[in-house]
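J.: can't give you the sequence, but here's the structure:
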């Protein structure tokens, strides 16, 4: 049984698509199909059901995947351990992150890690905190950075970084240049809100409520499904919003947006490193999390 076929099978199961697996592995879709057929022939079992564009594991496929994933992970850890023994650090590390740390924080940290260890390949998967937590539990990603505490006992949460939310307004807005805005002023201004389920929205609403402003009193003119969409909406003059400082820092520095604090209110949320309880870190993951902690300590 070829290891390459096992790796391709795992990727198809994880991405739910022959096409997406081919793109991720930088091979053609017919090559993926050929490897899956070869694996099924070798095992004498159908492992995947092709349901239109969606691909799902059969009962035999789900059983085999639990072992196949462990085989792939063990192989990667063995290679990393041998490279480390030789004085090198190499391998492929898959990180998970929610939107803010995945877009604005981890790329910089991964970049500095790559400078020190050029043979390392890093993949960053970005999704909401709950989805990243689930992937860490399943072992699909070894480590994650998220902006919410999850109700998941199988995870450990280590507070590393902090994220401040700020009031962002369009260039030329009446609030531009003001150091702060009174809380009661927010209620009359067109406001762009993140979608339900957003960690940024949850933190913002909780802190507003704690300071006596019911979020339902906001004059919401739009709800948008990503930080980037909200940022572009503010620049287009649709309304104002409260976003991560990481997301708007560059625009504020270049005068494309203006940022202000709300009087007597601080929107601070921790960013957590999450890992699966009881799981031993691979040598590569251990080196990266140590690097991540160093960067967090330096930024504190």
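T.: Thanks, I have it. The structure displayed is predicted, hence computed values, not measured ones. Numbers count the residues shown, from 1 in each chain.

J.: Checking my notes, residue 144 in a strand, right?
T.: Yes. Per DSSP: H, G, I helix; E, B strand; the rest coil, residue 144 lies within a strand segment.

J.: bridging residues for the nearest residue to it once chain neighbours are set aside?
T.: Spatial nearest neighbour of residue 144, chain neighbours left out: residue 96 (3.7 Å); criterion: CB to CB, 6 or more residues apart in numbering. From N, CA and C alone the C-beta is placed, and that goes for glycine too. Using DSSP bridges, the bridge partners assigned to residue 96 are residue 125, residue 144.

J.: so what does the host helix or strand of residue 42 touch, helix or strand wise?
T.: Element membership of residue 42, judged by DSSP states H and E, is helix 29-43. For helix 29-43, the packing partners by 3 or more CB pairs under 8 Å, 6 or more residues apart in numbering; DSSP states H and E come out as helix 3-15, helix 18-25.

J.: With mean neighbour count as new columns, can the ones you listed be given to me in a markdown table?
T.: Compiled in a markdown table, the helices and strands packed on helix 29-43 are given as follows (neighbours: other CB atoms under 10 Å):
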| stretch | mean neighbour count |
| --- | --- |
| helix 3-15 | 20 |
| helix 18-25 | 18 |
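
J.: pLDDT on the helix or strand harbouring residue 284, on average?
T.: Taking DSSP H and E as the definition, one finds residue 284 inside helix 283-299. Mean pLDDT, computed over helix 283-299, is 90.

J.: now that helix, how far from the centre of its chain.
T.: Distance of helix 283-299 from the chain centroid (CA atoms, centre = their mean, to the nearest Å) equals 17 Å.

J.: Need the outlier residue of this structure, farthest from its centre.
T.: No residue in the chain has its C-alpha farther from the mean C-alpha position than residue 44, which lies at 37.6 Å (CA atoms, centre = their mean).

J.: Next, count neighbours for the closest residue to residue 164 other than its chain neighbours.
T.: Excluding the flanking residues, the one nearest residue 164 by CB to CB, 6+ apart is residue 245, at 4.8 Å. Residue 245 has 16 neighbouring residues, counting by other CB atoms under 10 Å.

J.: same check, this time on residue 153
T.: Other residues within reach of residue 153, judged by other CB under 10 Å, total 8.

J.: Report the secondary structure state of it.
T.: Strictly by three-state DSSP, residue 153 counts as coil.

J.: any idea how far it is from residue 281?
T.: For residue 153, the distance to residue 281 equals 19 Å [CB to CB, to the nearest Å].

J.: Any buried residues in the helix holding residue 284, and which?
T.: Buried positions in helix 283-299, judged by neighbour count with 16 or more other CB atoms under 10 Å: 283, 284, 285, 287, 288, 289, 291, 292, 295, 296.

J.: For the stretch 201-300 of the chain, which segments are assigned as helices?
T.: All helices of the stretch 201-300 of the chain, identified by DSSP state H, counting those that start in this stretch, fall at 227-235, 245-253, 283-299.

J.: Can you tell me which of the ones you listed is nearest to residue 114?
T.: Evaluated over the helices of the stretch 201-300 of the chain, closeness to residue 114 peaks at helix 283-299, with 10.2 Å, by CB to CB.

J.: which helices and strands sit right next to that closest one?
T.: Packed next to helix 283-299, using 3+ CB pairs under 8 Å, 6+ apart, are helix 59-85, strand 91-97, helix 106-116, strand 143-146, strand 155-170, strand 267-276.

J.: quick one: the second one to chain centroid distance?
T.: By that I understand strand 91-97. Strand 91-97 has its C-alpha centroid displaced from the chain centroid by 11 Å (CA atoms, centre = their mean).

J.: which element follows it toward the C-terminus?
T.: Immediately after strand 91-97, counting by DSSP H and E, sits helix 99-100.
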